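Engineer: How does the following fold in three dimensions:
(2 chains)
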Amino acid sequence: GQQVMQIPQYQHVQEGEDFTTYCNSSTTLSNIQWYKQRPGGHPVFLIQLVKSGEVKKQKRLTFQFGEAKKNSSLHITATQTTDVGTYFCAGLTSGTYKYIFGTGTRLKVLA
Amino acid sequence: ETGVTQTPRHLVMGMTNKKSLKCEQHLGHNAMYWYKQSAKKPLELMFVYSLEERVENNSVPSRFSPECPNSSHLFLHLHTLQPEDSALYLCASSQDPGEEDGYTFGSGTRLTVV
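Structural biologist: As a prediction, this is how the structure comes out:
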């Protein structure tokens, strides 16, 4: 079945350093969403990417959808302690209505 | 508050008990979902309801039984659970099954089966 993998599984960074998580799907996606889950919290929707090669920015966060629409990345510039949490991607395959969530990347920011 | 309310927040139940999880959304969404989140595993989709009809049952054991009486409410009835069913159960809603504005998740019910 369709799988969505994320790397790395864990990442510890010093505050101020950059961070990137990568999302890879075994199948071509029609769109991809990103979520953030704070420790002890629930996933919160961040953004959706639809077009091949699309790049979107939210302040220090940059989201990219691959040209082949099988991978995506989230880059955080100059991390802050408030960025701590687990970042999930969720991909939608064309012809289905079900988003498949990735395995998540847990980010820890050291002050 | 996210617009999706789940109760109870925490639940401890024995393997012979019967309990129900409740989810309520006031966002006008027409699709609702149950997800299971276990430690070190990705979010697992359990059930999808669209316009109150179940459109997805992801090979979930029959000891989990969903109910969607209307587009604002979703229940998950639990009976004779196993310790490995201990997890965070998340409810989510969206405008369509494949909608474009993301899912809105509730705060979850932390279930412990003893």
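Engineer: now the strands for chain B?
Structural biologist: B:4-7, B:10-13, B:18-25, B:31-37, B:44-50, B:53-57, B:64-70, B:73-79, B:87-94, B:104-105, B:109-113 (DSSP state E).
Engineer: For the first one, what is the distance to the chain centroid?
Structural biologist: Once both centres are worked out by C-alpha atoms, centre = their mean, to the nearest Å, strand B:4-7 turns out to sit 10 Å from its chain's centre.
Engineer: for it, packing partners?
Structural biologist: Contacts defined by 3 or more C-beta pairs under 8 Å, 6 or more residues apart in numbering or on different chains; DSSP states H and E place strand B:4-7 against strand B:18-25, strand B:87-94. For every residue, glycine as well, the C-beta is placed using N, CA and C.
Engineer: quick one: terminal-to-terminal distance for stretch B:12-20?
Structural biologist: One end of stretch B:12-20 sits 12 Å from the other (C-alpha to C-alpha, to the nearest Å).
Engineer: do the same with stretch B:18-36
Structural biologist: Stretch B:18-36: ends 18 Å apart by C-alpha to C-alpha.
Engineer: Can you give me every residue that contacts residue B:3?
Structural biologist: B:25-27, B:93, B:104 (C-beta atoms under 8 Å, 6 or more residues apart in numbering or on different chains).
Engineer: Report the two of those separated the most.
Structural biologist: B:26 and B:104 (10.4 Å; C-beta to C-beta).
Engineer: These two: who's more crowded?
Structural biologist: The neighbour comparison of residue B:26 against residue B:104 (other C-beta atoms under 10 Å in any protein chain shown) goes to residue B:104, with 20 against 11.
Engineer: State the distance from the more buried one to residue A:92.
Structural biologist: Taking C-beta to C-beta, to the nearest Å as the measure, residue B:104 falls 16 Å from residue A:92.
Engineer: distance of the closest residue to chain B within chain A from residue A:37?
Structural biologist: Proximity to chain B, evaluated over chain A using C-beta to the nearest C-beta, is greatest for residue A:45 at 2.9 Å. Distance of residue A:45 to residue A:37, computed by C-beta to C-beta: 11 Å.
Engineer: same thing with residue B:105?
Structural biologist: Taken as C-beta to C-beta, the span from residue B:105 to residue A:37 is 9 Å.
Engineer: Now do the SS call for the residue of chain A closest to chain B.
Structural biologist: strand (DSSP: H, G, I helix; E, B strand; the rest coil).
Engineer: show me the contacts for the residue nearest to residue A:51 when sequence neighbours are not counted.
Structural biologist: In space, and not counting its chain neighbours, residue A:51 is closest to residue A:65: 6.8 Å by C-beta to C-beta, 6 or more residues apart in numbering or on different chains. For residue A:65, the contact set (C-beta under 8 Å, 6+ apart) comprises A:32, A:49-55, A:72.
Engineer: Nearest the geometric middle of chain B, what residue?
Structural biologist: Nearest to the geometric centre of chain B sits residue B:34, at 2.9 Å (C-alpha atoms, centre = their mean).
Engineer: who's it bridged to?
Structural biologist: residue B:47, residue B:91 (DSSP bridges).
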